[in-house]
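K.L.:
Take this sequence and fold it.
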Amino acid sequence: MPSGGPFPSTHHAFNTYILNAVSYLNTNAVRFVISTANLQAMNDKKTAWDTLWAKYIDPALVTSQIREQVNSMIADWKLLLSSIYNDIPTSALTNTDRSTLNIGQSTTHIAATVADHSPSLHIDEISHLQAKLRITDPAFPNTNSMPSGQHVHLHVGIQDTPTSPIVWDILRLMEIHKFLANVIFTDADVSKKAHFRTCYVNTHGEKGPLSDIISTTIA
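P.N.:
Modelled structure (predicted):
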């Protein structure tokens with residue numbers, strides 16, 4: 001990468017960089033072998049960024065909290081895009097790619113970190129044979145984005161009776177990349193107790209600590 005990395009130092013130049021980079025990466029996702037998870041994370045972050053940036057550049061809407069959120073999201077962007085760039089096969093990169101993304105002749109590898117905390121987990125809604133869960137990052141409570149380079153494993157355990165053990169069935173383990181998750185049950189589960197716990201998992205498959213368990217009765 002060029003000295004100082006590929007990312008502009010000013011916020012407005014960074015926004016322009018994001019607009020160009022996200023469009024270019026989407027267009028060339030197959031050639032760059034970008035994973036579905038990273039592509040989804042990038043596009044979800046772009047949607048959140050556009051909303052936040054509109055407030056940031058509006059004198060009537062910008063606040064100190066908005067400025068802090070922009071700074072935080074810029075840091076997340078750098079980690080996510082660096083991770084994506086690191087995974088692009090060197091042989092796939094053309095001079096045009098390097099110039100457009102400003103990644104020079106080689107990428108600087110940023111090690112995937114193991115999360116040092118667990119996600120916050122809340123039950124949003126219970127309906128017949130379904131539970132809607134909300135998963136957020138307690139380190140950044142004002143955003144619905146996943147931490148950069150992380151997704152979530154949602155463990156679903158079933159307890160047949162109040163005195164029976166909780167069965168954490170591997171078949172009920174869910175991989176989550178968004179802040180909302182729908183857990184579907186069967187008729188045979190009705191009146192049983194459902195238990196949920198989560199952890200962050202990085203791009204190397206390394207898991208962070210498990211969250212506390214939350215529970216509900218299956219309707």
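
K.L.:
shaky segments in this structure?
P.N.:
1-5, 105-112 (pLDDT under 70).

K.L.:
those helices in it, which residues are they?
P.N.:
Secondary structure of the chain, counting by DSSP state H: helices at 11-27, 29-32, 36-56, 64-87, 95-101.

K.L.:
Now do the same contact list for the residue lying closest to Val167 once chain neighbours are set aside.
P.N.:
In space, and not counting its chain neighbours, Val167 is closest to Ile158: 5.3 Å by Cβ to Cβ, 6 or more residues apart in numbering. Quick note: C-beta positions are derived from backbone N, CA and C, even for glycine. By Cβ atoms under 8 Å, 6 or more residues apart in numbering, the contact list for Ile158 reads 166-167, 169, 172, 189, 192-195.

K.L.:
count of neighbours near Lys192?
P.N.:
By other Cβ atoms under 10 Å, 15 other residues sit near Lys192.

K.L.:
before we move on, what about Thr51?
P.N.:
10.

K.L.:
how about it, what does it touch?
P.N.:
With Cβ under 8 Å, 6+ apart, Thr51 has no contacts at all.

K.L.:
now Leu154
P.N.:
So Leu154 contacts 133, 135, 173-176, 181, 183, 196-198 (Cβ under 8 Å, 6+ apart).

K.L.:
and which of the residues you listed is nearest Leu93?
P.N.:
Glu175 (29.1 Å; Cβ to Cβ).

K.L.:
What about the closest one, how many residues nearby?
P.N.:
Burial of Glu175 is recorded as 11 neighbouring residues (other Cβ under 10 Å).

K.L.:
gap between it and Ser127?
P.N.:
According to Cβ to Cβ, to the nearest Å, Glu175 stands 23 Å off from Ser127.

K.L.:
What of Phe7?
P.N.:
44 Å.

K.L.:
Over to Pro119?
P.N.:
Counting by Cβ to Cβ, the gap from Pro119 to Ser127 is 22 Å.

K.L.:
likewise Thr100?
P.N.:
47 Å.

K.L.:
okay, the two: which has more neighbours?
P.N.:
Thr100 (15 against 9).

K.L.:
How many residues are close by the nearest residue to that one once chain neighbours are set aside?
P.N.:
What sits nearest to Thr100 in space, not counting adjacent residues and going by Cβ to Cβ, 6+ apart, is Tyr24, at 5.4 Å. As a burial measure, Tyr24 scores 15 neighbours (other Cβ under 10 Å).

K.L.:
now the one 3 residues further on
P.N.:
Summarising burial for Thr27: neighbours were counted as other Cβ under 10 Å, giving 10.

K.L.:
Okay, it and Ser148: tell me how far apart.
P.N.:
22 Å.

K.L.:
before we move on, what about Pro6?
P.N.:
Pro6 is 15 Å from Ser148, by Cβ to Cβ.

K.L.:
These two: which is more packed in?
P.N.:
Ser148 (22 against 19).

K.L.:
Wait, the more buried one touches Leu80, no?
P.N.:
Yes: if you go by Cβ atoms under 8 Å, Ser148 and Leu80 touch, sitting 4.5 Å apart.

K.L.:
quick one: common contacting residues for those two?
P.N.:
Ala41.
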